[in-house]
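Asker: Here is the input, now give the coordinates:
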Amino acid sequence: MPLLDMYQRPGFLLRRAHQISAAIFEANCSAMGLTQAQYGALMVLKEEPGIDQTRLARALAFDKVTVLRVLRGLAQRGLVVRELSQSNRRQMSLCLTSEGEQLLRQTTAPVQEAYEQLMAPLTLNQRSQFIALLQQLTDGLGDQARAAFVPLARQPSGG
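Answerer: As a prediction, the model looks like this:
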C-alpha cells in the first residue's frame with residue numbers, strides 16, 4: 001500500500017483527529033489544568049453523584065486502569081472524593097467536592113471555545129453529518145472496543 005493510501009485510511013484520520021481534538025481542548029483548558037478525560041469524569045460525577053468507579057468507567061468508555069489514573073489525579077487536586085458506598089460496602093462512591101463543582105463551572109466557556117475551534121472547518125450542516133456518522137460508526141462497532149461503553153440513563157424530566 002502506498003503511503004498516501006495510509007494517510008487516507010479511517011484509522012489514521014481518526015487517530016489524527018483525536019490528537020488535534022486533545023491538543024485544542026488542552027490548550028483551551030490549560031489554565032484549569034484539565035484533560036479531556038478529567039473533564040469527562042467531572043461531568044459524569046456532576047450528573048451522577050455517588051456513582052461507583054465501574055459505572056464511571058463504563059459511562060466514559062474507559063478501562064479500569066485509565067479511570068483509576070484519572071480519579072487519582074482529580075482526588076489529589078481535591079476535586080473528587082471517594083467514600084465507601086452506603087448501598088454496597090465493597091464499592092467506592094465518587095462525588096465532586098465544592099472545588100470540583102467550581103472548576104467545572106469555570107470550564108464552560110473554554111470547553112465551548114474548544115468545541116467551536118475543533119468544528120470550525122465544517123459548515124453547520126457538515127457538523128451534524130460528521131457527528132451522525134461518528135455516532136453510527138461507534139454504535140455499529142462498539143462491541144469490538146476494548147472498553148465497554150454504557151451511557152448513563154437519562155432521568156425522566158419532572159412531572
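
Asker: Now do S98, the pLDDT please.
Answerer: If you check S98, the pLDDT there is 97.

Asker: Quick check: it vs R127, distance?
Answerer: S98 sits at a distance of 35 Å from R127 (criterion: C-beta to C-beta, to the nearest Å). Every residue, glycine included, has its C-beta placed from N, CA and C.

Asker: now do H18
Answerer: To R127, H18 is 17 Å away according to C-beta to C-beta.

Asker: So for the two, which residue has more residues nearby?
Answerer: Set H18 next to R127 and count neighbours by other C-beta atoms under 10 Å: R127 wins out with 15 against 11.

Asker: show me what contacts the more buried one?
Answerer: Each residue near R127 by C-beta atoms under 8 Å, 6 or more residues apart in numbering is listed here: M119.

Asker: now the strands: where do they sit in this structure?
Answerer: 51-52, 80-84, 92-96 (DSSP state E).

Asker: Where among those strands is average confidence lowest?
Answerer: For those, mean pLDDT drops lowest on strand 80-84, to a mean of 89.

Asker: For Q86, grab phi and psi.
Answerer: In terms of degrees, to the nearest 10, the main-chain angles of Q86 are phi -70, psi -30.

Asker: Just grab the bridge partners of the closest residue to it other than its chain neighbours for me.
Answerer: In space, and not counting its chain neighbours, Q86 is closest to S93: 7.1 Å by C-beta to C-beta, 6 or more residues apart in numbering. S93 has the following beta-bridge partners by DSSP bridges: D52, E83.

Asker: what sits against S93?
Answerer: Going by C-beta under 8 Å, 6+ apart, S93 touches G50, I51, D52, R82, E83, L84, S85, Q86.
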